[in-house]
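S.K.: below are the sequence and a predicted model; questions follow.
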Amino acid sequence: MQVYKMIQPFERLLGIQIQKTHSGLLQLLFHGCSEALVSSDEVIVCCCQLRIVNTNRFEVVLCDPPVPDLERLVNHLNWTEDIRSFIIVLRQRFCRYFELAAAVSNKLSSE
């Protein structure tokens, strides 16, 4: 599976940057997931780092902010090899994280 060729078309479309780190990890950086919370000069980047094992399996190394069902998503990725769906769903999870954070913040500030 040539991971980098498969994911390159989604970088611009989904607002992500995909890199291989010096230690060989696949790093997914998501931009624009937290627009409601961010001032114009502040940038929040969501990060997920995956280790590639046996050329076609992934393991989670880091996820910030945390995604509760990330292990399940990675297991599904390993089973289906559908990197496109994984990236789309992960971005949705990051956006949902910030939607919930904004809702909690609004609720607390209105009390």
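M.R.: Sure, I can see it.

S.K.: my guess is residue 93 contacts residue 67. True?
M.R.: Yes - between residue 93 and residue 67 there is a contact under C-beta atoms under 8 Å: 4.5 Å. Where you see a C-beta, it was placed from the backbone N, CA and C, and this is true even at glycine.

S.K.: what sits in contact with each of the two?
M.R.: residue 73 (C-beta atoms under 8 Å, 6 or more residues apart in numbering).

S.K.: which residues in this protein form strands?
M.R.: Applying DSSP state E to the chain gives strands spanning 16-20, 26-31, 45-53, 57-64.

S.K.: could I get these as JSON lines with mean neighbour count, distance to residue 78 and mean pLDDT?
M.R.: Shown next, in JSON lines, are the strands of the chain (neighbours: other C-beta atoms under 10 Å; distance: least, C-beta to C-beta, whole Å; pLDDT from 0 to 100):
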{"stretch": "strand 16-20", "mean neighbour count": "15", "distance to residue 78": "18", "mean pLDDT": "88"}
{"stretch": "strand 26-31", "mean neighbour count": "18", "distance to residue 78": "13", "mean pLDDT": "93"}
{"stretch": "strand 45-53", "mean neighbour count": "18", "distance to residue 78": "9", "mean pLDDT": "94"}
{"stretch": "strand 57-64", "mean neighbour count": "15", "distance to residue 78": "5", "mean pLDDT": "96"}
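
S.K.: sounds good, over and out.
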